[in-house]
Every structure is written in C-alpha cells, then in structure tokens.
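Q: Model the following, please.
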Amino acid sequence: MSNIEKNLWFTTLASGSSGNSSIVGDGEGNSILVDCGISCKRIVDSLNELSVAAEDIKGIFITHEHTDHINGLMMLMKKYKIPVFASLGTLLAITKNKGFDNSYKKIMHKFDSSCKFDLSGFEVNCFNIPHDAAEPLGFSFIKNGVKVSVCTDFGIVTDEIEEGLRGSNAMVVEANHDERLLEVGRYPFHLKRRILGDKGHISNENSGKLIAKIWNENIQHIFLSHLSDENNMPELALETVKYELFMKHKNYEDYTKIVVANRNKISEKVIIKSSMN
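A: Residues are numbered from 1 along each chain as shown. Down below sits the predicted model:
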C-alpha cells in the first residue's frame, strides 16, 4: 500500500438545521456516511462530485432521529441497501416514522457505547451525547493510525464527549449559536430555553473551550458544524472558537486548520495524514 493510500479523507456534505451529513473514506473504495439529513438525490450528487459511488458506502451511522439527520435515509436504504447503524433508541424512533417500510429493518443494526467493531477496516467507536433525542451518539472512526470523529447536537460538554473526541486527527464539532444573538433574537422563549438547555445545542464559546481542552498537535482539521442560520454567523463562530483555542495554545495554527462547514454544499475535501506514513 502506498503512503497516500494510508491517509484518510474527510468532509461534510451539508451542515446546519436544514440538513447534516459527513463522510470519511480510506482512498481504497471504502467510505462511511454519518447522518443523511439531506435528500437522497443531493447525497448521491455529492458523492458523484467526490468520485464516490453509493455502492462504496459501507455503512450509514445515524447520530439521532431528528429530520435534519435522517431526511434521505429511507430512500438510501430503499435504493442501495446500505447497512444502517444507530443506537436502539434511535432505531426505534426511526421505525415509528409514518410510512416506514418494515423490510428496512433487516439492514438496520443496533450500536451502543459499549460496542467497538470493525467495518471495512475501520475501527468504529461511539459515545453518548446529551441532546433531546431518543438515544443520541457521537462517533469516531479509526484506520491506518488516523482517527476521525463526528460530534454534533449536544447541549453541554461531558467527560464522555471529551474522551470520545480525544486523540482525533480530524473532527466535526458543533458550534451552533452565539448566546448574545440568541438572547436578543426573534425565537420564542421556549425555543431559546430548549437551545440553551443541557440537551440543546452548544454555543460558539463552549465549543471553543471544548476544542481547546482536548487539542494537541496531531489535530489536523476541524469542521465547525450545525451553525444556526438565525443565531450565528460563520465569521463569528470561527473567530470565537479560534480565540478560545489561541488563549490556551498560541501556536495551534501551525498544526490545525479550522473552518466552518458549508451549510448547503460539500465542504473542502481534506486529506488526513497517517502517522504510519
């Protein structure tokens, strides 16, 4: 295997309240999709743009059952029979959806925080996240000495989240809102309370503090994800997170690139270099 083949590649297909999806691949025709909150057509079009066939997707990992994370799931299962992995609570919530076809159940597999298994050479791990869903999870994928993690939709930072993300070489991490914009914004009080709650969404500032706490020189790339269209701005999220990181690690930019994941299109496809090269 050549050096380039040992590296993983990683990007987001969409990120925001209108839909979320991420993908990681190994350069050998094996890819994993995390969430499919946009239409099946958009996902397939995005895969084509990345020169990935839908048949190359070895599994779809669902963080939780909210529509902006599963919008394209039913059609993907119907057309391509891709195995789906999620917590039992998430699977049960999905199967209760109106129009769910029970024949899909044979390709749906329970996954919980005690699990660790191999999928096409990827070591897959998960961790619990606090969100107002049935049984939400974050995921990490390890292959060829590279660890890629996805953690969105969480209201507070927990020890389990920190441990799940620790050691990552690349991450998708939520930076949902600016607290001041949310407080003065037009959302009704009950929705503001939900977002600010322990099972809501994480602010830019707290996202930055989380990243700063677990940061090390091996983190090559971070996508800030799930930004609110109403209560955040890409530049504000980026500068807030960078400030928190700079306060603890003055030289972080020598090692780590931080970008805001695109809301409605593919983000930059990044190559995550393996320490095995």
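Q: center of this protein - which residue?
A: Geometric centre of the chain, nearest residue: residue 150, 3.4 Å, by Cα atoms, centre = their mean.
Q: need the contact list for it.
A: By Cβ atoms under 8 Å, 6 or more residues apart in numbering, the contact list for residue 150 reads 22, 34, 35, 61, 63, 138, 139, 140, 171, 172. Placement of C-beta: from N, CA and C, glycine included.
Q: ok, what's across the strand from the fourth one?
A: Per DSSP bridges, the residues bridged to residue 61 are residue 34, residue 85.
Q: Could you number the chain from 42 rather than 1 from now on?
A: Got it, the first residue is 42 from now on, which makes the last one we talked about residue 102.
Q: Need the residues that contact the longest helix seen in the chain.
A: Counting residues, the longest helix in the chain under DSSP state H turns out to be helix 275-289. The contact list for helix 275-289, computed with Cβ under 8 Å, 6+ apart, reads 216, 219, 222, 245-246, 248-250, 252-254, 256, 265, 268, 293, 297, 299-301.
Q: Strands - which of those land there?
A: Taking DSSP state E, the ones among these that sit in strands are 265, 299, 300, 301.
Q: Show me the two of the residues you listed that sit farthest apart.
A: Greatest spatial distance in the ones in strands among the contacts of helix 275-289: 299 and 301, 8.3 Å, computed using Cβ to Cβ.
Q: Need the overlap of contacts for the two.
A: Listed as contacting both residue 299 and residue 301 by Cβ under 8 Å, 6+ apart are 265, 279.
Q: all strands for the stretch 42-191 of the chain, in order.
A: Along the stretch 42-191 of the chain, the segments classed as strands by DSSP state E, counting those that start in this stretch run 49-55, 62-66, 72-75, 98-102, 125-127, 149-151, 157-160, 163-169, 178-184, 187-192.
Q: and the last one, how far out from the chain's middle?
A: On the basis of Cα atoms, centre = their mean, to the nearest Å, the separation between the geometric centre of strand 187-192 and that of its chain is 8 Å.
Q: Poorly predicted segments of the chain, please.
A: 42-46, 316-318 (pLDDT under 70).
Q: cutoff 50 now
A: 42-45 (pLDDT under 50).
Q: And the helices in it, which stretches?
A: 44-47, 81-90, 108-111, 114-121, 129-136, 200-206, 220-225, 230-237, 245-255, 275-289.
Q: tell me which residues of the last one are tucked away?
A: Pointing back at helix 275-289 there. Residues 277, 278, 279, 281, 282, 283, 285, 286 are the ones in helix 275-289 that count as buried (16 or more other Cβ atoms under 10 Å).
Q: For those residues, give me a markdown table that also has distance to residue 171.
A: As requested, these are exported to a markdown table (distance: Cβ to Cβ, whole Å):
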| residue | distance to residue 171 |
| --- | --- |
| 277 | 24 |
| 278 | 20 |
| 279 | 24 |
| 281 | 21 |
| 282 | 20 |
| 283 | 25 |
| 285 | 20 |
| 286 | 23 |
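Q: So which of those residues is the closest to residue 59?
A: residue 278 (16.5 Å).
Q: Identify whichever of the strands of the stretch 42-191 of the chain lies nearest to residue 206.
A: Comparing those by Cβ to Cβ, strand 187-192 comes nearest, at 5.1 Å.
Q: Buried residues in the closest one, which are they?
A: 187, 188, 189, 190, 191, 192.
Q: swap in stretch 285-304?
A: Residues of stretch 285-304 classed as buried: 285, 286, 290, 293, 297, 299, 301, 302, 303, 304 (neighbour count, 16+ other Cβ under 10 Å).
Q: for that stretch, how far is the first residue from the last?
A: Using Cα to Cα, to the nearest Å, one end of stretch 285-304 lies 23 Å from the other.
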